[in-house]
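> next input, structure requested:
(one chain, ligands or ions: 1)
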Amino acid sequence: RDVLHRHDAALSGRSLPDATHVFAHYTHSMVWHPTSSPRWRALRKVCSAELFAPHRLTTNQSLRRDKVWQLVSHVERVAYSGMPIAVRRLTFATVINLLSSTIFSADVANLDDCKGSSESSFQGVLAEVIATVGLPNMSDFFPEIARFDPQGIRRRIKGLFQRLHDMIDDRIELRLRERATTAGNGEPPANKNFLDVLLDYRGTDDGKGFDRQTLLTLLLDLFSVGTDTSAATVEWAIAELLLYPKSMARAQSELAQVLGSRPEVEESDIDKLKYLQAIVKETFRIHPPAPLLLPHEAKDTTQIQDGRYTVPLGTRIVVNVWAIGRDGEVWPEPEKFMPERFLEEESSGAAGVDFRGRDLELLPFGSGRRMCPEMPLAHRMVHLMLASLLHRFEWRMRPEDVKNGLDMSERVGLNLAMAKPVQAMATPV
Ligand code: HEM
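Numbering: from 1, shown residues only. Prediction:
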């Protein structure tokens with residue numbers, strides 16, 4: 001925290017090979033790709049201008065509404081059948097479909113795929129990648145044995161990446177064929193998607209646009225970092241609310257007050273849902289999806305704690321936001337799920353604290369110029385999914401969870417998720 005407070009500027013850069021490929025510098029489990037080329041810089045530019053741009057966020061609002069509506073309808077069907085709801089599997093599939101509709105104009109995940117971990121489905125392979133990437137790898141502690149890959153983790157991840165690459169490649173091929181038939185000359189069809197934007201881009205140094213490998217790597221990154229992070233947040237929030245039914249009831253009564261008899265939550269409602277916002281903040285505080293952010297590198301030699309420590313130029317810095325969120329000096333009763341701490345009227349000092357990168361005690365998306373570029377999208381999706389699930393259903397624990405207690409242990413993969421995915425009973429209201 002001290003580093004962040006005093007030397008934010010020094011840490012705001014990340015000069016590892018190129019952080020666009022977020023996997024590349026994590027562990028020895030990773031498959032390396034060349035990511036420091038001018039082509040990659042061009043790719044980042046086009047992403048900022050097209051995928052992450054505010055006008056895209058506005059244009060895709062109806063898409064998000066549709067995907068959340070599909071989620072609610074699915075939960076309703078399962079709830080009527082009396083089966084428990086696998087919150088993360090369903091929210092994961094929902095976010096995958098939101099991304100894939102933006103990129104390919106098609107859904108690639110199936111909410112009915114109950115196995116979810118089946119290695120033949122897109123969501124199954126992606127889930128497997130996310131879980132395997134975070135397995136403790138001896139090669140990280142003993143780099144000299146890394147090339148032997150003693151646990152076979154690197155080999156396994158390579159195979160999984162290959163399978164995802166093939167699936168994404170099929171989508172690219174399909175779009176190229178559609179472009180060839182609809183316009184006859186390879187022009188994009190009228191409903192241009194993000195893949196079309198990438199295929200048409202000629203702003204690279206050689207004017208040839210992006211090669212296939214670069215496209216594949218970028219798309220794989222987006223699906224890997226952009227899906228389970230939001231899904232896991234909604235799952236943690238539901239799990240905490242099952243443990244704190246008063247908070248659940250308060251959120252539902254706020255929703256009833258703001259929405260009245262209207263069944264669908266709109267993005268424009270989020271601003272008015274102060275308690276729901278506090279729940280999301282509290283969830284990010286205790287369960288940050290990226291507990292160590294991504295590695296940063298000191299751009300200058302820096303003294304911290306009045307010169308007691310020197311951080312030399314080039315030091316790799318890992319910021320433990322998980323520990324900051326549970327620091328008793330910053331947060332009273334840090335282990336307690338207490339959304340009220342963020343409310344103006346009931347505050348214990350955290351009112352006004354937000355997660356947009358300014359308040360260094362709450363940094364689920366990082367801070368500075370390399371913070372998560374998709375925070376606005378994630379913010380909308382997390383609030384919309386959670387609000388819709390709370391507004392449309394009463395939630396309770398399964399009898400076995402009531403008896404044995406809900407297992408809140410964590411699994412560190414590419415992100416921090418529940419080790420035992422929550423299964424909850426829902427009743428439509
Ligand atoms: C609750 C949801 C999410 C959380 C908590 C989250 C968190 C993060 C964090 C902590 C970082 C690293 C920041 C740093 O080290 O300073 C990051 C980077 C990134 N995130 Fe997210 N993220 C979320 C959703 C998304 C989504 C939906 C997408 C895309 C569709 C996305 C795309 C990215 C990308 C591309 C980077 C790398 C940026 C770079 O290296 O410059 N994230 N995210």
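
> how close does the spatially most central residue of the chain get to residue 51?
Centroid check for the chain by CA atoms, centre = their mean gives residue 229 as the closest residue, at 2.6 Å. Distance, residue 229 to residue 51, using CB to CB, to the nearest Å: 16 Å. C-betas here are computed from N, CA, C, even on glycine.

> repeat that for residue 383.
Distance, residue 383 to residue 51, by CB to CB: 20 Å.

> could you do residue 329 as well?
39 Å.

> go on, residue 105?
Residue 105 is 14 Å from residue 51, by CB to CB.

> which one's more surrounded, these two?
When residue 105 and residue 51 are compared for neighbours, residue 51 comes out ahead with 22 against 18, by other CB atoms under 10 Å.

> can you give me every residue that contacts the more buried one?
Residues near residue 51 by CB atoms under 8 Å, 6 or more residues apart in numbering: 102, 194, 197, 222.

> sitting in helices, which of those residues do you find?
Those of the contacts of residue 51 mapping onto helices are 102, 194, 197, 222, per DSSP state H.

> what's the most distant pair in these?
197 and 222 (13.1 Å; CB to CB).

> three-state assignment of residue 62?
The three-state label for residue 62, taken from DSSP: H, G, I helix; E, B strand; the rest coil, comes out as helix.

> excluding sequence neighbours, find me the nearest residue to residue 311.
Spatial nearest neighbour of residue 311, chain neighbours left out: residue 302 (4.6 Å); criterion: CB to CB, 6 or more residues apart in numbering.

> next, give phi and psi for the one you found.
Note on residue 302: backbone dihedrals following degrees, to the nearest 10 are phi -130, psi 130.

> helix or strand: which one has the residue nearest to residue 54 when sequence neighbours are not counted?
In this structure, residue 54 finds its nearest non-sequential neighbour in residue 376, 7.3 Å apart by CB to CB, 6+ apart. Residue 376 belongs to helix 375-392 when assigned by DSSP states H and E.

> touching the ligand at all, that helix?
Yes: against the ligand, helix 375-392 shows contacts by CB under 6 Å from any ligand atom at 377, 378, 382.

> report the buried residues of the helix or strand just after that helix.
Sequence order places strand 393-397 as the next helix or strand after helix 375-392, per DSSP H and E. Neighbour counts using 16 or more other CB atoms under 10 Å place 393, 395, 397 of strand 393-397 among the buried residues.

> same thing with stretch 159-166?
Judged by neighbour count (16+ other CB under 10 Å), stretch 159-166 contains these buried residues: 160, 161, 163, 164, 165.

> rewinding a little: and of the buried residues of strand 393-397, the nearest to the ligand?
Of all the buried residues of strand 393-397, the ligand sits closest to residue 395, with 20.5 Å by CB to the nearest ligand atom.
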